[in-house]
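Colleague: Just the structure for this:
(2 chains)
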Amino acid sequence: MKQSQLFTKTKKDAPSDEVAKNAQLLIRAGFIHKEMAGVYAYMPLGLRVLENIKKIVREEMNGVGGQELMMTTLQPKEIWEKTDRWDDAKVDNWFKTKLVNGTELGVGLTHEEPIVDAVSNYLGSYKDMPFAVYQIQNKFRNEKRAKSGLLRGREFLMKDMYTFSRDQKQHEEEYEKIVKAYFRVYDRLGLGEITYRTYADGGIFTPRFSDEFQTLSEVGEDKIYVDEKKKIAINDEIFTDENLEKLGLKREDLVEKKGVEVGNTFHLESKYTDALELFYSDEKGEKQSIIMGCYGIGVSRLMGVIAELFADDKGLVWPENIAPFSVHLLSLGENEEAEKIYAQLLEKGIEVLLDNREVQAGEKFADSDLIGIPYRVVISKKTLAAGGIEVKKRNESESKIMTVEEFLQLLKK
RNA sequence: CGGGGCGUGGUGUCAACGGUAGCACGAGUGAUUUGGGAUCAUUUAGACAGGGUUCGAAUCCCUGCGCCCCGACCA
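Modeller: Below you'll find the predicted structure:
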């Protein structure tokens, strides 16, 4: 991509109506556009990051046998009444709408009910299980207070997976397998070290605890207590002596921290399948309950968390595997030479943003820092005289002159 | 949902006493410049909406809408 053709522009000033660092930087750099409170559009650079995160999530979900599908956003009221979750007194953050004839519809905020409904056409035997399905889709929640940029929106992108198992034992195996996959996702995003499996309230779904995946950050909304040695945490909402004992945690080993919930997994037991009358036949032909689990990852929230955590005072700093481009090639009055290198890198399958604009060098450097692409490559009279290109990593301060071939070798590592 | 703050060009503004809406950035044009948001000239564009008070309202009052923060809430 050539920056002269990129329709988004960077801004020096952050909009006054955003305080959150992630939103300020992402807007200044042209990654997102605020449509209204808690609702953001993704511009080309932002969409690239989002797609890269989705790709990692997909790979890991597929890796544990997940099958991707896509459910609908519009929901019929009936299935939600069967599980007693239509009533605003039970779930108060629904967006609801109506057909012309007055029929009430829900706008998808989660998909347990519709998934069970869809799956019921295909699931009937113990031989069909276990299986896992997932989708990556926009969710709509009528949050009373949207806040912190991408961290808490009313419309946001989420991966939600659902497992179906014949009994508790099979469910536990599926569940733990998926928890491991979650950590692979966080590891690949560079958050593994600071993300904790955290016991939390299971909500109205299950008497059991759920697992939250909390990334430590001062901007987090959740107060958690971390056991650094065990790499486990407990959410403040269930922080009682009784629960600590149940979980085998000791008060003196715990440190209070703030976290952003970047994932959440639940044991649903047979609450939804029973309510929607989905059962299976076992070997003896007897009707049995189906055990479900559900597993969420906030994809757009992850983008906000990463933007927030890795940024420095000059701008965004993207990890290499989710950056919008791998290389930011800055031409300082050497467009002809730069085009050659651009073509050469593209040919190797490297994603490059070429800054061939007719602007001051300082502006190019400032923009490059703000956008946060991992490798900055400068070509100018100076670098040509020195025998090549100047390469600098976004998260390092030192630059190096090298040839294009040397740079290609460096990228391979 | 309770409390607080705020709403001035595309953006920013601890700019303007109730009396000519200013500055900077951006954008356009021309020139100069080309390793850290450079310089000069010139142009462009603004009061959230509705009502009230007043000779006169960006400024005071009311209603609505929107945004931010704290809290509550958070499949």
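Colleague: What about A:Lys9, how many residues nearby?
Modeller: 10 (other C-beta atoms under 10 Å). Where you see a C-beta, it was placed from the backbone N, CA and C, and this is true even at glycine.
Colleague: so how many other residues sit close to whichever residue of chain A sits closest to RNA strand B?
Modeller: Relative to RNA strand B, the nearest point of chain A is A:Gly362 (2.2 Å; C-beta to the nearest atom of the strand). For A:Gly362, the tally of surrounding residues (other C-beta under 10 Å) stands at 8.
Colleague: A:Tyr42 now?
Modeller: Per other C-beta under 10 Å, the neighbour tally for A:Tyr42 reads 19.
Colleague: what sits against the residue nearest to A:Glu112 when sequence neighbours are not counted?
Modeller: In space, A:Glu112 comes closest to A:Tyr272 once its chain neighbours are excluded; the distance is 4.8 Å by C-beta to C-beta, 6 or more residues apart in numbering. Going by C-beta atoms under 8 Å, 6 or more residues apart in numbering, A:Tyr272 touches A:83, A:112-113, A:116, A:292.
Colleague: Report the rounded mean pLDDT for the helix or strand where A:Tyr272 lies.
Modeller: With secondary structure defined by DSSP states H and E, A:Tyr272 is part of helix A:271-275. In this model, helix A:271-275 carries a mean pLDDT of 95.
Colleague: One more: stretch A:63-83?
Modeller: Stretch A:63-83 comes out at a mean pLDDT of 96.
Colleague: ok, which stretches of the stretch 1-150 of chain A are strands?
Modeller: Ranges of strands in the stretch 1-150 of chain A, per DSSP state E, counting those that start in this stretch, are A:32-36, A:39-42, A:66-68, A:74-76, A:95-98, A:104-107, A:131-140.
Colleague: Can you tell me which of the ones you listed is packed in deepest?
Modeller: Sort the strands of the stretch 1-150 of chain A by mean neighbour count, taking mean count of other C-beta atoms under 10 Å, and strand A:131-140 sits at the top with a mean of 19.
Colleague: That strand - contacts with which helices or strands?
Modeller: Packing contacts for strand A:131-140, counted by 3 or more C-beta pairs under 8 Å, 6 or more residues apart in numbering; DSSP states H and E, involve helix A:44-63, strand A:66-68, strand A:155-165.
Colleague: how far is it from where the chain is centred?
Modeller: Distance, stretch centre to chain centre, for strand A:131-140: 12 Å (C-alpha atoms, centre = their mean, to the nearest Å).
Colleague: Good, wrapping up.
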